[in-house]
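Visitor: A predicted structure for the sequence below; I have some questions about it.
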Amino acid sequence: MKGLVSRRQRVLRVRHVQHAMAVAETARARDEADGLARNIDRLNKVRGELFETEGAATGASFAAMQELATRLEQAGRQLDGALYDARRKVEAKEGMTLAANREKEIATRLKDRARATLEEWRENKLAALPRYRRMQRNGEA
């Protein structure tokens with residue numbers, strides 16, 4: 001009985017570590033997605049400020065600004081794709097976290113059930129002890 005409880009406790013510790021790792025991976029994935037979102041915002045801000053120059057612009061400087069705007073637009077599209085992938089990764093990690101939490105809860109219930117069974121077994125053994133001693137005194141055992 002004690003072996004069952006200790007095995008269940010060991011499984012619970014493993015499930016707890018797995019859950020903690022899944023939570024950490026989810027947080028890391030969220031941070032990555034948030035970083036990409038901040039980069040997209042910064043890129044859009046730079047692109048928006050690009051044509052806010054005062055005064056007349058030469059054709060060469062206007063062409064350079066337009067080239068830079070095109071490159072910023074392309075980079076923005078690439079970041080949008082990366083952000084989409086990062087958000088999908090966050091969703092997957094959240095699913096793993098939920099699964100790990102479910103496994104941890106199951107392990108907790110099994111450990112509690114094993115501990116309750118052990119306590120019941122001990123109580124039954126203690127309850128049977130006086131009856132056994134009575135039987136010994138009467139020569140029945």
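Guide: It's in.
Visitor: all helices of the protein, in order?
Guide: 2-49, 59-137 (DSSP state H).
Visitor: could you say what helices and strands the last one packs with?
Guide: I take that to be helix 59-137. In terms of contacts (3 or more C-beta pairs under 8 Å, 6 or more residues apart in numbering; DSSP states H and E), helix 59-137 is packed against helix 2-49. All C-beta spots, glycine's among them, are computed from the backbone N, C-alpha and C.
Visitor: angle of the helix it packs on against helix 59-137?
Guide: 170 degrees (axes from the mean of the first three to the mean of the last three C-alpha atoms, to 10 degrees).
Visitor: ok so, going back, in terms of mean pLDDT, which of the helices of the chain ranks lowest?
Guide: Ranked by mean pLDDT, these bottom out at helix 59-137, with a mean of 89.
Visitor: ok, the residue nearest to the spatial centre of the chain - contacts?
Guide: Geometric centre of the chain, nearest residue: Val23, 2.5 Å, by C-alpha atoms, centre = their mean. Applying C-beta atoms under 8 Å, 6 or more residues apart in numbering to Val23 gives the contacts Thr97, Ala100.
Visitor: please tell me how far it sits from Thr108.
Guide: Distance, Val23 to Thr108, using C-beta to C-beta, to the nearest Å: 16 Å.
Visitor: go on, Glu123?
Guide: Per C-beta to C-beta, Glu123 is found 22 Å from Thr108.
Visitor: kindly report the same for Glu73.
Guide: The gap separating Glu73 from Thr108 is 52 Å, by C-beta to C-beta.
Visitor: and what of Thr97?
Guide: Going from Thr97 to Thr108 by C-beta to C-beta gives 16 Å.
Visitor: buried ones in stretch 98-111?
Guide: By 16 or more other C-beta atoms under 10 Å, the buried positions in stretch 98-111 come out as Ala100, Glu103, Lys104, Ala107, Leu110, Lys111.
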